[in-house]
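1. model this:
(chains A and B)
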Amino acid sequence: MKIEVNGEMREIAANTLADALSELDWAEARVATALNGAFVPKAARAQTMLQDGDRLEVLAPMQGG
Amino acid sequence: MRDFYGVTLNSPLMLGTAQYPSPAVLEAAFRKSAASVATVSLRREGGQGQAFWDIIRGLGVHVLPNTAGCYSAREAITTAHMAREVFETNWIKLEVIGHADTLQPDPFGLLKATEALAADGFEVFPYTTEDQVLAARLLQAGAKVLMPWGAPIGSGLGLNNRYGLKTLRAAFPEVPMVIDAGLGLPSHAADAMEMGFDAVLLNTAVAQAGDPVGMARAFALAAQAGALAHAADPMTPRDMASPSTPVVGKAWL
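-> This next block holds a predicted model:
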């Protein structure tokens, strides 16, 4: 299916958010996720099913003021 | 000293982590200034996030994630939840921006987000103006710390409304307050601390200085001097001169 990952359309094979992160090489990364604008806690990623056209945000620590 | 959600800081200087010429300069600025808190953000992972996290952990300071760039309560609340998971802290520097030119807080969104986050166990540091009524509402909503601005973010103008800030400080003597944003010079930090604020938070003034490490140290010393001065109960200014040398005993020449 095709989903939007951090603003870019990506073709992924995974069906769950956890598997999608693995596929995108972020399995071990310190990141937080939001699906279609709603926060998805780490513990809920395995049960979170993805659908075609979903909008996924994967955020990481960054400089800030 | 007033504490921040149970945490007593060993320095009144809080530093941002953005805009430094290099990670090495960032680290040196923190080391030389002994800043007690580092503000950080969350952005789309582009490959640098993990290395940055290692640097921040290595600083050994308290981490204060922000919701910079959020223009609605909803956006800020979601960002706060994401920050809590990534940075493993309940602290959140809550920014709900109302205007792109001034980056001034949207008081209505800020109040709404403070209410929701405080109810959810967050320890909210709301980035606010010197407005006393808004301050009261934020405290009512569950904030136990306030972060009034000195001047618009990144402007370096110092304390734009000393009267308003002084009034705010006097109105809530028990509430820990951080002057956040707009400071440009160490004298601004000293001024804020002399007025009885508990800490200062700045970023651009240090990171964009010709020598960020030297400037970080200057801000640390100024903030410390201001805190000492406030604790020492400054004299009241007067309009006319008053001789400091004794008048009695002066020779009749």
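2. How about the contacts made by B:Leu110?
-> For B:Leu110, the set of contacting residues under the criterion of Cβ atoms under 8 Å, 6 or more residues apart in numbering or on different chains consists of B:73, B:94, B:96, B:126-128, B:134, B:138. For every residue, glycine as well, the C-beta is placed using N, CA and C.
3. Mind checking what secondary structure the residue sitting nearest the centre point of chain A has?
-> Most central in chain A under Cα atoms, centre = their mean is A:Leu56, positioned 4.7 Å from the mean C-alpha point. At A:Leu56 the chain is in strand, as set by DSSP: H, G, I helix; E, B strand; the rest coil.
4. Among the contacts of B:Leu110, name the ones in helices.
-> When DSSP state H defines the helices, the subset of the contacts of B:Leu110 inside them is B:73, B:134, B:138.
5. out of those residues, who has the most neighbours?
-> For the ones in helices among the contacts of B:Leu110, counting by other Cβ atoms under 10 Å in any protein chain shown, the largest number of neighbours falls to B:Leu138: 26 neighbours.
6. so who does the residue in the stretch 51-200 of chain B positioned nearest to chain A touch?
-> Closest to chain A within the stretch 51-200 of chain B is B:Met82: 3.5 Å, counting by Cβ to the nearest Cβ. The contact partners of B:Met82, by Cβ under 8 Å, 6+ apart, come to A:32-34, A:39, A:59, B:42.
7. who wins for neighbours among these?
-> When neighbours are taken as other Cβ under 10 Å, the top entry among the contacts of B:Met82 is B:Leu42 (26 neighbours).
8. doesn't A:Thr33 make contact with that one?
-> No. Between B:Leu42 and A:Thr33 there is no contact under Cβ atoms under 8 Å: 11.0 Å.
9. can you tell me which helix or strand B:Ala38 belongs to?
-> Under the criterion DSSP states H and E, the helix or strand holding B:Ala38 is strand B:37-44.
10. Same question for B:Met240.
-> For B:Met240, there is no helix or strand it lies in under DSSP H and E.
11. separation between it and B:Ala83?
-> For B:Met240, the distance to B:Ala83 equals 54 Å [Cβ to Cβ, to the nearest Å].
12. From the neighbour counts alone, determine which of these two ranks first.
-> Neighbours were tallied for B:Met240 and for B:Ala83 using other Cβ under 10 Å; the higher tally belongs to B:Ala83 (29 against 4).
13. Quickly check: stretch B:56-64 near chain A or not.
-> Yes. Remark: stretch B:56-64 sits within contact range of chain A at B:Ile56, by Cβ under 8 Å from any Cβ of the partner chain.
14. I'd like the average pLDDT over that stretch.
-> Averaged across stretch B:56-64, the pLDDT comes to 94.
15. what about that stretch, how long is it end to end?
-> 11 Å (Cα to Cα, to the nearest Å).
16. and the residue nearest to B:Gly121 when sequence neighbours are not counted, what pLDDT?
-> Taking Cβ to Cβ, 6 or more residues apart in numbering or on different chains, and ignoring the residues beside it in sequence, B:Gly121 has B:Asn90 as its nearest neighbour in space, at 6.0 Å. On the pLDDT scale, B:Asn90 is placed at 97.
17. May I have the residues that are in contact with B:Lys93?
-> Each residue near B:Lys93 by Cβ under 8 Å, 6+ apart is listed here: B:39, B:64-67, B:125, B:127, B:147, B:180.
18. show me what contacts the residue lying closest to B:Cys70 once chain neighbours are set aside?
-> Spatial nearest neighbour of B:Cys70, excluding adjacent residues (Cβ to Cβ, 6+ apart): B:Ala76 at 3.9 Å. With contacts taken as Cβ under 8 Å, 6+ apart, B:Ala76 has the following neighbours: B:67, B:70, B:94-96, B:109, B:113.
19. before we move on, what about B:Trp252?
-> Under the criterion of Cβ under 8 Å, 6+ apart, B:Trp252 has no neighbours.
20. how far away is it from B:Pro246?
-> The span separating B:Trp252 from B:Pro246 equals 15 Å under the rule Cβ to Cβ.
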